[in-house]
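Make a model of this:
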Amino acid sequence: MQCLLSVWLAFTWPAATVAQSLDALCPTLSLSLLQPDVPSLSGLCFMQDDRQELGPEDLLSGRWPLQRRDADQLVFTHTKAAYWVYVPLRNPDSAEHTWFLQLDYPLLDEVDFWIYDLDSVRAGAAPILLQAERMGDARRFDMRPVRHRLFLLPLDFRPRQSLGVVIRVHSSGAINIPLSLHTAESAIAGTQDHSLAQGMFMGSMLLLAIFNLTLFLRLRLLQPLYNAAYILCGGLFLTSMSGLSFQYLWPASPWLANVSVPVTEILAILSLLLFTKAFLGIRADHWPRHTRVIHALFGVGVVLFVASFWVSYALIIKINTVYALASMLGMFAIGIWHQRQGERAARWYVVSWLVFYAGFLFYGLAAFGYIPGFMAQERWMQVALGSQIFLLTYAEVMQLRDMLDRALQIESSARSSLQHQVQARTADLRATMGALQQANQQLRELTLHDPLTGLLNRRGLDESLEQLLSHPGLPGRDVVLAVFDLDHFKRVNDDYGHDVGDFVLKWVAEVLRNLLRRKADVLARFGGEEFVVLLPDTAIQDASILIQRVLDHVRDHAVDLEDGRQLSLTISAGVAAWQSGDTAQSLFRRADECLYRAKDAGRDRMVISTGQGGPDGVQTETLQDRA
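Below is the predicted model of the structure:
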């Protein structure tokens, strides 16, 4: 009913009265080519439509109360109301001209234009609708009459024609209606200038991002990677706010045009949090409070990132902006704290934030409709963000340079000290080299010796055996290998414990050292309770006498334990003499087989393999056969 009433009023209200009332309140602006640009239209008539029920005829009827305000003051915070603006224009020339009415705020959901011929109203007839356009970032980009990030409306004037433009603006965010007028040549020049400025800004950001990515790939440091992510996300945020991303990236998706603003804002803050943590060296073991603050802010940011896809733009943009401000204040406070600790890199970090805050504060106020001049603040924000990113990258380079200078200083100092003290330090160097060689020898000894008994271990035995058997003078030499094994040693561990078992093993090792004293003899603990003795330049008869002494000594002398008890032991041995064609493995295998024969024969005995006759070419001989 309200719409029908509006239409009825439009056509029943006397046209002369309408023209007279509108002209009296909203004077017509006379255009002149001598002034190709009108940066801000003054004295515009507007009204607020709280219920969003009015139409253009209601404004033209003159029955609704209108207010006057300059275009740069048509700034409104978040509201559900729609706003109507009336712009009367006149071409005083006797030639046709085309002008462009420009609305310099790209973040508006719905922007509708109606162009009326006012000459018909002054002639006493009803206003004639010449053209209607529907724009806004809630609609497809290709619906705009001019492919431009801002809202451009072409106005074609006949000679001395008057046109009235009715504008309706509605948006889920803040509303700015900064209207300006430009000739075709001026509009093209302004677009070119803006494109050049945007290209320079985005090109600079891209170069800085590539530089940081190169640092990451070259040095494998995470902070350049985070800085590159911040540069890209911050640049995308500004392009989304300026309408360029809607124009070039997703013109067919108004949903992406809206959601890209809060999403890129959150991603920029998350990247900056990670950069701050890496750049200032914030670790949980050194800075637990700072770490908790960074982690808490990061966690909230992740939640808001997910919510940005589902929550309404009007609400999420407010929440995200508050979160961004809180995060930036937190990072700034942490930077100041590190600067007071004398960290040189933190100084540049703090300076970068001071520069950024100057632009962000006014940009945010303009974006939310608290102050006019959004386009001017947009340019200032680009300068502030670019300066911050440049300073952060410069701080990175200075930090890397300090690290390199310290390394070079240490190297130079060491080199200078060596040059002045080389002769005085020669003796010390030789002593040090000798000590190093001794330490290496001791280390080698440790790797070749059994830590419990001090005898060679299995590795040491293999090395000694290979070295002996590979000696070019081996043919014609007598070499005997004996393998010892303590009889019933498992009972010792079971009955007395492993500590006593270890004590017994050390006692046996000492017996071997005392009875086999030649320097050339090789004594080793093969593993567990097995011991191996390698006797070079020893005939089998002599070797059997030495080995028998070991068996007799173990049998005849009890082991005195620490608690006063005595433990009687016996030991068995398998002996093999080297023969032509033997290898280290075959020699040991024959001795080990003899040991098993000694065990099977009743233990406490020695079995010798002479390598002559017998089964399988091996003759065994038992020199002692005690039950």
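
where does the stretch 51-200 of the chain dip in pLDDT?
121-124 (pLDDT under 70).

try it again with 50
By pLDDT under 50, the stretch 51-200 of the chain contains no weakly predicted segment.

Where do the strands of it begin and end?
Along the stretch 51-200 of the chain, the segments classed as strands by DSSP state E, counting those that start in this stretch run 67-69, 75-76, 82-90, 97-103, 110-117, 128-135, 151-157, 162-170, 175-176, 179-183.

Nearest to L516 among these would be which one?
Closest to L516 of the strands of the stretch 51-200 of the chain, according to CB to CB: strand 175-176, at 101.8 Å. (C-beta placed from N, C-alpha, C; glycine too.)

partners of that closest one in the sheet?
Each strand paired with strand 175-176, and its direction, by DSSP bridges: strand 75-76 (antiparallel).

Work out the gap between the partner strand and the centre of the chain.
Between the centre of strand 75-76 and the centre of its chain there are 40 Å (CA atoms, centre = their mean, to the nearest Å).

what does stretch 167-186 give?
With CA atoms, centre = their mean, you get 41 Å for stretch 167-186.

That one: end-to-end distance?
This stretch, stretch 167-186, spans 22 Å end to end (CA to CA, to the nearest Å).

hey, which of the strands of the stretch 51-200 of the chain is tucked in deepest?
Each of the strands of the stretch 51-200 of the chain was scored by mean neighbour count; the highest is strand 175-176, a mean of 24, by mean count of other CB atoms under 10 Å.

returning to that earlier point: just put the strands of the stretch 51-200 of the chain in a markdown table and tack on distance to M241.
Output for the strands of the stretch 51-200 of the chain, formatted as a markdown table (distance: least, CB to CB, whole Å):
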| stretch | distance to M241 |
| --- | --- |
| strand 67-69 | 24 |
| strand 75-76 | 16 |
| strand 82-90 | 21 |
| strand 97-103 | 15 |
| strand 110-117 | 16 |
| strand 128-135 | 17 |
| strand 151-157 | 15 |
| strand 162-170 | 18 |
| strand 175-176 | 12 |
| strand 179-183 | 19 |
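
can you pull the contacts of A81?
Counting by CB atoms under 8 Å, 6 or more residues apart in numbering, A81 touches Q48, D49, D50, Q52, H170.

out of those, which one sits closest to L436?
Using CB to CB, these come closest to L436 at H170, 83.1 Å.

ok, the closest residue to that closest one other than its chain neighbours to E510 distance?
Leaving out its chain neighbours, the residue that sits closest to H170 by CB to CB, 6 or more residues apart in numbering is A82, at 4.0 Å. From A82 over to E510 the distance is 104 Å, taken as CB to CB, to the nearest Å.

ditto for Q131
114 Å.

Repeat that for A314.
90 Å.

K490 too?
Counting by CB to CB - K490 and E510 are separated by 22 Å.

and what of R565?
Distance from R565 to E510, by CB to CB: 19 Å.

Over to R603?
Distance from R603 to E510, by CB to CB: 22 Å.

And for Q566?
The value you get for Q566 to E510, if CB to CB is used, is 16 Å.

Between the two, tell me which one has more neighbours.
In this view Q566 and E510 are compared by other CB atoms under 10 Å, and E510 has more residues nearby, 13 against 9.

Give me the contacts around the helix or strand containing that one.
Assigned by DSSP states H and E, E510 belongs to helix 498-515. By CB under 8 Å, 6+ apart, the list of residues contacting helix 498-515 from outside reads 452-455, 484, 486, 489, 492-493, 523, 525, 529, 531, 533, 546, 549-550, 553-554, 559, 561-562, 567, 569, 571.

Looking at those residues, which are in helices?
Among the contacts of helix 498-515, the members found in helices (DSSP state H) are F489, V492, N493, L546, R549, V550, H553, V554.

ok, now which ones touch the first one?
What it means is F489. F489 makes contact with G501, V504, G528, E529, according to CB under 8 Å, 6+ apart.

Ok, the third one next?
N493 makes contact with V500, G501 under the criterion CB under 8 Å, 6+ apart.

distance of it from E185?
Counting by CB to CB - N493 and E185 are separated by 104 Å.

next one: V261
V261 is 33 Å from E185, by CB to CB.

From L66, how far out is S180?
Remark: distance between S180 and L66 (CB to CB) = 21 Å.

And V522, by the same measure?
Taking CB to CB, one finds V522 at 114 Å from L66.

Compare neighbour counts for those two and give me the winner.
The residue with more neighbours, out of V522 and L66, is V522; 21 against 17, by other CB under 10 Å.

Return the set of residues that bridge with the closest residue to the more buried one other than its chain neighbours.
For V522, ignoring the flanking residues on the chain, the nearest one in space by CB to CB, 6+ apart is L534 at 3.7 Å. L534 forms beta bridges with L481, V522, as assigned by DSSP bridges.

L534 reaches E463, doesn't it?
No - counting by CB atoms under 8 Å, L534 does not reach E463; the two are 11.3 Å apart.
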